[in-house]
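> The sequence isn't on hand, but the structure is:
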């Protein structure tokens, strides 16, 4: 795959939306410094566009976005891609309807990751957006850390979804233990960044809930299902697209 | 009831104030994305105006507000009303002096709702605004969730006020268990949004108070009464309207 | 005392600085809505200027400030003074070097007040600004609440300082139980509002400290003294006024 | 050492960057009022430039920065240097590759200092920036407080690094017990202020983590090393400088 195989108009639009979605992380206060990264994949899933590594949100431009194939090769771009790039690649290859991926170190979501715990579904805010708890993947072994670390980070996410029989379309986020959240969208990069904000808000509410009652339990299952399907699936009736 | 039965000048003003009150939720940081909704009822209580479902605060206009009768029929508007609309309808029909209703997922108030606990009246900030604890309604049964869910959400609020012999005029807010706060005003929509901010601030202070002392108890009853009646009723002496 | 006994230039300046100090509370995020109030006293201590009751920070003007004598009579102004006015009067009369008083419901300071606990001096940030713990006054009796409530609020502050042998110049703040903080300055109204922000920051740090270690103890006495006297008294060497 | 021994162009640039780095503390919300201070040393380590004591961020100018030699003498400047100046001097003399030092009272980092506890390395956000826990130095003795207090503050930091065999280049921060954080950069003053923000964020995440699980343990050692060396040392591959 090389740059000449790519529709340049689609590429330009993808760079622009990935740039906008990265800027949203900063605008939403989910990242400081150069932290966080967003990527989005092309329609034919032959390449994706990702934030460059360690570049400031204050100076970043759409053209700084790096173009990657799915085997971790740079197709176009003068900057290094995000170091988390191999995590993105393997998620795109395995979760084959994902259009965009976001990684942040937003503090409340990180708290659950650092504690190695799922975010429990305490209420409808969570259930509106995530089906069931937001899972926390297992920690990586010494071997997984020392060789192909970023790829293995993706692998433990995938393993978690397989073992727990989770649907990545219904539960579009995972915590990586002792690290932080990844989330993704089946729509586009802006939607993925919006979901990163939702995840942080849901994690924040969960911590506050535990402060009110440290024995708080998850919301009634019927309520979780009601809210999830109010916004998702053929019978959804939230928003303007469906009657 | 149809649009031709409505005073168009009153309607225009009601749409404008409901729009402004919705925007206040965003300005106050009580909502993210398209979350939250405000409505207000006409003087003769024949119709009310409510935020459309899933519309962004960045693009929303006064004319996007949806006009409803009290039997959940759209009278005017091209957009779907908030999915929480049937909760608003039944509250207007039952609490018959309410002029405006607000629903948010503001995080500290949600924490009490998710924990299924009343917000205790720990001090004068609370007592200035809410008579007694802010109650948390019971959770809905499976049947109540699966049929007429939003209407039943209103019903458990009403039931809570009836069972506990509460005055909706003096305690203008209720938490819905595993969901979040509803509050209302006997004045207007702006006042209702202001109250939503007050509720979040009071919930925040309550959580901080529990962090300082997890055995903290409610404020002395005389103090609660003093502060409530300093601001409300015939002997109120706060503000500029009464001497 | 009437308006004709007052130097109008001094009055104008006092209204302006009290207005600015009230606006600072809003700018610092210490108050929402119309909450909080600042006052400042004239040089000869014959009158003071205070925020009007229930007026929005968005529309408030310097000329809205109300001029009071020390017997709780309005000397000049078309608006009602803050309902907390009698607390200010008695503090000015008793703590006779105070130049300005601030009352807020800032949430972390309120948390200690609602829990009925002093703010412990956990470290140098506190000791730089307050000599010893920030005390919490006792709760008012039923009788004190039901008659001359606001005056009695001042009285329990004064009683606390007398009983504990505290120096109001060195410990320029007190929490009122189940209510919130009052603080004061021997300099001017701007300094008093700055101190209200410091108090909230110190209360916030204290809560965070208790979250890190719920058995945390106060800072070593020598350290407290060192920091207090680094900024206050004849041997102070912080800032630009002293060498 | 006198002003005539100094390259005036280098001095001008150093004052400017130290000014900018101080302003960053305010912009990042790490300081209120006149709190906090940043300094940076000249290339030949013969002098350094530091924030003046007690000057407001609103009015501070680059030329207000004070020029010091390493024996605590003012070389140039009409204002008093920060009272913490002797802490800076001794750190520059002992940690001889440090280019800039920052001291703040940022509240989450202060919480660990006030509790007298190290900030545990709970995850990759911490490990990306600090090698191992951020240490908390011992409290000063009565004698150390009462004579050359600020110099002794530096000495307990240095003692802590010596006793625990820590590398100041890899762990560029230390908490002073019952006081707050100091951090430093081997690059420049802007980098040091950025690190002060990182430290506060890491402390915040650590407190949140303890709220999710009060028995949370440090991240796996291999993960800590992986992340630290992903960003630091000859094999670093984060950012744009290395391939």
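Arrived safely, thanks for sending. Note that this is a predicted model, so its numbers are computed, not measured.
> Closest approach to chain C from chain A, which residue is it?
Here chain A gets closest to chain C at one residue, residue A:211, 9.7 Å apart by Cβ to the nearest Cβ. For the C-beta atoms, the positions are set from N, CA and C on the backbone; glycine is no exception.
> check contacts around that residue.
Taking Cβ atoms under 8 Å, 6 or more residues apart in numbering or on different chains, we find residue A:211 in contact with B:111, B:207, B:210-211, D:211.
> And for residue A:30?
A:36, A:104, A:106, A:196-197, A:200 are the contacts of residue A:30 under Cβ under 8 Å, 6+ apart.
> Quick check: mean pLDDT of stretch A:36-53?
Mean per-residue pLDDT for stretch A:36-53: 98.
> quick one: residue A:199 and chain D, what's the gap?
Residue A:199 sits at a distance of 14 Å from chain D (criterion: Cβ to the nearest Cβ, to the nearest Å).
> same thing with residue A:188?
With Cβ to the nearest Cβ as the criterion, residue A:188 and chain D are 27 Å apart.
> Leaving out chain neighbours, which residue sits closest to the residue nearest the centre of chain A?
In chain A, the residue lying closest to the centroid (Cα atoms, centre = their mean) is residue A:183, at 1.8 Å. Residue nearest to residue A:183 in three dimensions, not counting chain neighbours: residue A:173, with 3.7 Å by Cβ to Cβ, 6 or more residues apart in numbering or on different chains.
> Now do the longest helix belonging to chain A against helix C:189-212, angle only.
Counting residues, the longest helix found in chain A (DSSP state H) is helix A:189-212. Here helix A:189-212 runs at an angle of 80 degrees relative to helix C:189-212 (axes from the mean of the first three to the mean of the last three Cα atoms, to 10 degrees).
> moving C-terminal of helix A:189-212, what's the next helix or strand?
Downstream of helix A:189-212, the next assigned helix or strand under DSSP states H and E is helix A:221-231.
> Can you spell out which helices and strands pack onto that following helix?
helix A:124-127, helix B:142-146 (3 or more Cβ pairs under 8 Å, 6 or more residues apart in numbering or on different chains; DSSP states H and E).
> Go through it and flag the buried ones.
A:222-224, A:226-230 (16 or more other Cβ atoms under 10 Å in any protein chain shown).
> Give me the mean pLDDT for that helix.
Mean pLDDT, computed over helix A:221-231, is 95.
> could you dump the contacts of residue A:30 to a markdown table with neighbour count and distance to residue D:155?
Below are the contacts of residue A:30 laid out as a markdown table (neighbours: other Cβ atoms under 10 Å in any protein chain shown; distance: Cβ to Cβ, whole Å):
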| residue | neighbour count | distance to residue D:155 |
| --- | --- | --- |
| A:36 | 25 | 39 |
| A:104 | 24 | 40 |
| A:106 | 26 | 38 |
| A:196 | 28 | 44 |
| A:197 | 21 | 45 |
| A:200 | 22 | 41 |
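> Just name the closest of those to chain B, please.
Lowest distance from chain B to these (Cβ to the nearest Cβ) belongs to residue A:197, with 5.9 Å.
> Number of residues surrounding residue A:49?
28 (other Cβ atoms under 10 Å in any protein chain shown).
> same thing with residue A:94?
15.
> For it, report the pLDDT, please.
Listed pLDDT for residue A:94 reads 98.
> tell me the contacts of it?
Contacts of residue A:94 by Cβ under 8 Å, 6+ apart are A:154, A:158.
> again, but for the one 3 residues further on
The neighbourhood of residue A:97, defined by Cβ under 8 Å, 6+ apart, consists of A:168-169, A:186.
> go on, residue A:186?
Neighbour list for residue A:186: A:97-99, A:169, A:172 [criterion: Cβ under 8 Å, 6+ apart].
> For it, which non-adjacent residue is spatially closest?
In space, and not counting its chain neighbours, residue A:186 is closest to residue A:97: 5.2 Å by Cβ to Cβ, 6+ apart.
> how about the residues of chain A near chain B?
Chain A comes close to chain B at residues A:122-125, A:194, A:197-198, A:201, A:204-206, A:208-209, A:211-213, A:216, A:219-220, A:222-223, A:226, A:230, A:237-240, A:243, as judged by Cβ under 8 Å from any Cβ of the partner chain.
> make it 6 Å
Selection of chain A residues close to chain B by Cβ under 6 Å from any Cβ of the partner chain yields A:122-125, A:197, A:201, A:204-205, A:208-209, A:211-213, A:216, A:219-220, A:222-223, A:226, A:238-240.
> quick one on the thing from earlier: quick check on the residue nearest to residue A:186: phi, psi?
phi -110, psi 0 (degrees, to the nearest 10).
> try the one 3 residues further on
Recorded main-chain torsions at residue A:100 are phi -150, psi 150, according to degrees, to the nearest 10.
> can you pull out the helices in chain A?
Under DSSP H, chain A gives helices at A:8-27, A:85-94, A:107-115, A:124-127, A:142-146, A:149-163, A:189-212, A:221-231.
> residues touching the closest residue to residue A:148 other than its chain neighbours, list them.
The shortest distance from residue A:148 to any non-neighbouring residue, by Cβ to Cβ, 6+ apart, is to residue A:86 (7.0 Å). The neighbours of residue A:86, taking Cβ atoms under 6 Å, 6 or more residues apart in numbering or on different chains as the test, are A:72, A:150-151.
> Pull out the buried residues from those residues.
The neighbour count (16+ other Cβ under 10 Å) marks residue A:150 as buried among the contacts of residue A:86.
> Adding distance to residue C:21, write the contacts of residue A:86 out as CSV.
CSV is the format used below for the contacts of residue A:86 (distance: Cβ to Cβ, whole Å):
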residue, distance to residue C:21
A:72, 59
A:150, 54
A:151, 58
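> which one of the contacts of residue A:86 is nearest chain B?
For those, the nearest to chain B is residue A:150 (29.9 Å; Cβ to the nearest Cβ).
> Enumerate every residue touching that closest one.
Contacts for residue A:150 (Cβ under 6 Å, 6+ apart) come out as A:84, A:86-87.
> Show me which of the residues of chain A next to chain B are buried.
For the residues of chain A next to chain B, a neighbour count by 16+ other Cβ under 10 Å gives the buried set as A:122-125, A:197, A:201, A:204-205, A:208-209, A:211-213, A:216, A:219-220, A:222-223, A:226, A:238-239.
> count of neighbours near residue A:118?
When neighbours are defined as other Cβ under 10 Å, residue A:118 has 17 of them.
> same deal with the one 10 residues further on?
Residue A:128 is surrounded by 20 other residues when neighbours are defined as other Cβ under 10 Å.
> so it touches residue A:232, yeah?
No: using Cβ atoms under 6 Å, residue A:128 makes no contact with residue A:232, being 8.9 Å away.
> Identify the contacts common to the two.
Contacts common to residue A:128 and residue A:232, judged by Cβ under 6 Å, 6+ apart, are absent.
> Excluding chain neighbours, what is closest to residue A:71?
Of all residues not flanking residue A:71 in the chain, residue A:89 sits nearest, at 7.3 Å (Cβ to Cβ, 6+ apart).
> Just give the number of residues close to that neighbour.
Using other Cβ under 10 Å, the number of residues around residue A:89 comes to 25.
> One more: the one 4 residues further on?
Per other Cβ under 10 Å, the neighbour tally for residue A:93 reads 14.
> For it, give me its contacts.
Applying Cβ under 6 Å, 6+ apart, we find residue A:93 in contact with residue A:70.
> now do residue A:117
A:136, D:212.
> change it to 8 Å
Taking Cβ under 8 Å, 6+ apart, we find residue A:117 in contact with A:136, D:212-213.
> what about stretch A:62-72, distance to the chain center?
Distance of stretch A:62-72 from its chain centroid, counting by Cα atoms, centre = their mean, to the nearest Å, is 17 Å.
> Would you mark the buried spots in it?
Across stretch A:62-72, burial judged by 16+ other Cβ under 10 Å covers A:62, A:64-68, A:70.
> for stretch A:85-103, same thing?
So stretch A:85-103, judged by 16+ other Cβ under 10 Å, has buried residues A:85-92, A:95, A:98-103.
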